[in-house]
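# Please find the sequence and the predicted model below.
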Amino acid sequence: MKLGFLLVALVSCGRPRLEPLPHPTASPEPVPQEARGLRAGLGRSDITPPPGVGLMGYGPEGREARGYRHRLYARALVLEDADGERIAFVAVDLPAVSMLLHRQVAHDVVGETGIGADRLVLAATHTHSGPGHFFESRAYNALGSSVAGFDREVVSFLADRIASAVREATAGLREARVVWGEAAVWAFTRNRSLEAFERNPLEWMNRFPKPAVLPPVEGRVDSTFAMLRIDLADSGGAYRPAGALSIFAMHGTGNPMANDLLDGDLHAIVERRVERHIDSLNGRPRSFHPAAVHLVMNGASGDVSPDLTWFSRCKVPALARVRRPGGPRSPPGPELWIPPPAAQEADCLQSARVELNDFADGLSDAAVDLFGSLDALTDQVSVRRAFRAVTLTDSAQAAGLCAPRPGTARVGGAEDGSTRYLHWRLLGLINVGFEEGGAAARTPAGCHGAKHQFLGGLRKPLLRSLPLPETAQLIVVRVGLAVLGALPFEATTVAGGMIRRAMDSAVAPRDSTARRVFLIGLANGYNQYVTSPAEYEAQHYEGGSTLYGPRTAERLAALMAGLAAALPSGRAPSPPADVPQAYGRPGADRDIMPRATAGPAPRDITRRVSTGWEGDVLVIRWNDVHPGRLVPADGPVLRIDQQTGTGWAPLVWDDDRSVEVRAVGPAGAQGYRWEARWSPDPAPSGAMRVVLMARAGLAELVASVPPR
């Protein structure tokens, strides 16, 4: 995305019309159930869109998706206690959640499930390899990826499938037992903004003491891995392990910016590993969809990255000035972005995925160990919630907040995810603050303090065209002995600690049993970052992305503490919740996600498939319908089988970290060319075959695999 082109486009677009978001009624009054204990239900739905959408999270470096690796899912957990109090937790493999998407899902399910916006916690894993285009804020749709724009079809597509997971979980409610647990998981995450972190006046205190063998820098993040284990009663009344909800602070940036595949990233591997472990405990064979469901939600991950090496980070395009012929008075040539060599980028992607897999395996082992250690389960669990939608711009100054403004530090990207604009200078000479610290921080003045505001004097007309969020949906939920605060921010380690301590102080004086307080970020909307006041003054990426000024953490701590204090003691009902109308400004609708009418109809296509080895990689090429007609979320696309003594047994489906599927390009009357690449580890022996599944009006197709 060219910066100059972007600015011209923004200035020319004018002020869009305000559009109301779906306005669901608040959840109905709870109805006490006949059962005397807790009930729970689990659900899962595939939300993988067809290739062609933009990958959001890396800003201008986010590629257009050419295919997928790990499929994306919505995983739902519905809890209902003996008083009929009900809450739905939904973890989605997305970069973030928009308030528009949250409201739409609530609108779709409230009538059937009794779960309105005030009882729905919809949280993103924060994979940077998921789609955008579904935000009520036009700025996010325009700037979140190299593919810009809002697409109502993406909203409908995601909301419909997320709602399906909630309905499945609600329909499956049955007697349950649960238990909370937590463990310290060290050396998997690191603080990516240490210079800003070290400005905090008080030493950060981890929930768990850091092992003495680890260097001090390892203690600059919250190492807590929290988990709720869920066992469900079977038809005979016996309780069996069924799922889990985990909270861990870590950015979904295992894939580098050069990635062009939809992918659940590190969280996807942890999700699947725990699910398959639970299935193995129940004697279930491996299948395309595990029976167990493991939700993974992000904590205070604002300055927390996976502790990967720099070898897993790929280069971004470099700026070069084209030289023109002529003498010294010739005008300067245009600036061009020169991408890194294709071979170098391919090597980087390969090494990154090897490291990602190894890293996630270690984190998955820790999750499985924690699940196995949780055995004191109980059905005597109460569920309560307190919800509030806060308009942050109402009397903002009185509350210590500012009108939302990004800082120049945001444009250059984070320390481990720098964009091509890092250190970019106007006319090659003028430092405009596209860096962390330095010119991005100014002498504190006005509401925004030290922030060098992005676009300077142009920001007013541009921000009228690209307004930023003004409303934050906040919810605090009690589940047994734990209190969970969910908010639409990426809180840094210290800012998250400030908010969590405020919640704990609000609960502790009247209820000494609720001592576990956890934070869930990126939930029910997206209002970007929140830092501590000291970190804000440093104006690193996180401070530049804190939209509402240096006192945002203090204000959020007070709001979340107020909600925590509103949680009732004993069996008193949850406080009433108002779900006010809200407005979005997504701008003009674009056809970004491929439509179901793309290309020739299935009846006009004859599928053909070829298989062959390229070194250790099995390459499968076939022609099929166009993206839009072939939607990964509709079911499995292909399977690889191995011959056994009794027939054919599945080895992998196209939802495995060793399989990459890409849409290659149109093939005229023959539809569209597709390619899958399978990197088996270890390499299997014996006869194998590839099965293209029957779908989209096309019959199943089987092809043998040649020997290596």
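Received it, and whenever you're ready, just let me know what you need.
# Next, name the residue at the spatial heart of this structure.
The C-alpha lying nearest the average C-alpha coordinate of the chain belongs to His126 (C-alpha atoms, centre = their mean; 2.3 Å).
# For that one, which residues are in contact?
Gly57, Leu94, Pro95, Ala96, His251, Gly252, His267, Asn298, Ser301, Glu490, Gly521, Leu522 (C-beta atoms under 8 Å, 6 or more residues apart in numbering). Bear in mind the C-beta positions are built from the backbone N, C-alpha and C, glycine included.
# Those residues in helices, which ones?
Judged by DSSP state H, helices contain the following of the contacts of His126: His267.
# which one of the contacts of His126 is nearest Ala163?
The shortest gap between Ala163 and any of the contacts of His126 belongs to Leu94, at 14.7 Å (C-beta to C-beta).
# Next SSE downstream of the longest helix seen in the chain?
As far as residue count goes, and with DSSP H defining each element, the longest helix of the chain is helix 342-373. Once the chain leaves helix 342-373, the next helix or strand it forms, by DSSP states H and E, is strand 383-391.
# and that following strand, how far from the chain's centre?
22 Å (C-alpha atoms, centre = their mean, to the nearest Å).
# ditto for stretch 598-614
Distance, centroid of stretch 598-614 to centroid of chain: 33 Å (C-alpha atoms, centre = their mean).
# Mind telling me what element Ala35 is part of?
With secondary structure defined by DSSP H and E, Ala35 is part of neither a helix nor a strand.
# Now do the SS call for the spatially closest residue to it that is not a sequence neighbour.
Closest residue in space to Ala35, ignoring its immediate chain neighbours: Glu175 at 6.1 Å, by C-beta to C-beta, 6 or more residues apart in numbering. Reducing the assignment at Glu175 to three states with DSSP: H, G, I helix; E, B strand; the rest coil gives strand.
# So for Glu175, what pLDDT did the model give?
Note on Glu175: pLDDT of 96.
# repeat for Asp681
85.
# Thought Asp656 was touching it, still the case?
No: with contact defined as C-beta atoms under 8 Å, Asp681 does not count as touching Asp656 (10.9 Å).
# hang on, the earlier thing: count of residues packed around the residue nearest to Ala35?
By other C-beta atoms under 10 Å, 17 other residues sit near Glu175.
# For it, list the residues it contacts.
Neighbour list for Glu175: Ala35, Gly37, Leu38, Arg39, Leu232, Ala233, Tyr239, Asp379 [criterion: C-beta under 8 Å, 6+ apart].
# I'd like to know how far Leu266 sits from Gly59.
To Gly59, Leu266 is 20 Å away according to C-beta to C-beta, to the nearest Å.
# Between Asp681 and Asp656, point out the one with more neighbours.
Each of Asp681 and Asp656 has its neighbours counted (other C-beta under 10 Å); Asp656 has more, 18 against 9.
# ok, now how distant is that one from Leu638?
11 Å.
# go on, Ala577?
46 Å.
# again with Phe434
In terms of C-beta to C-beta, Phe434 sits 44 Å off from Leu638.
# Do a quick rundown of the helices in the stretch 551-700 of the chain.
Taking DSSP state H, counting those that start in this stretch as the criterion, the stretch 551-700 of the chain carries its helices at 552-566.
# Can you tell me which of the contacts of Glu175 is nearest Thr408?
Of all those, Leu38 has the smallest distance to Thr408: 49.9 Å, by C-beta to C-beta.
# What is the burial count for that closest one?
For Leu38, the number of neighbouring residues by other C-beta under 10 Å comes to 25.
# Am I right that it is in contact with Leu377?
No: assessed by C-beta under 8 Å, Leu38 is found out of contact with Leu377, at 9.9 Å.
# shared neighbours, those two?
When contacts are counted by C-beta under 8 Å, 6+ apart, Leu38 and Leu377 are jointly contacted by Arg177, Val178.
# Doesn't Glu218 lie inside a helix?
Yes: under three-state DSSP, Glu218 sits within a helix.
# from now on call the first residue 658
Let's use 658 as the start, then, which means that last one is Glu875.
# quick one: it and Met862, what's the gap?
When distance is defined by C-beta to C-beta, Glu875 is 14 Å away from Met862.
# Settle it for me: which of the two has more neighbours?
Under the criterion of other C-beta under 10 Å, the comparison of Glu875 against Met862 puts Glu875 first, with 19 against 9.
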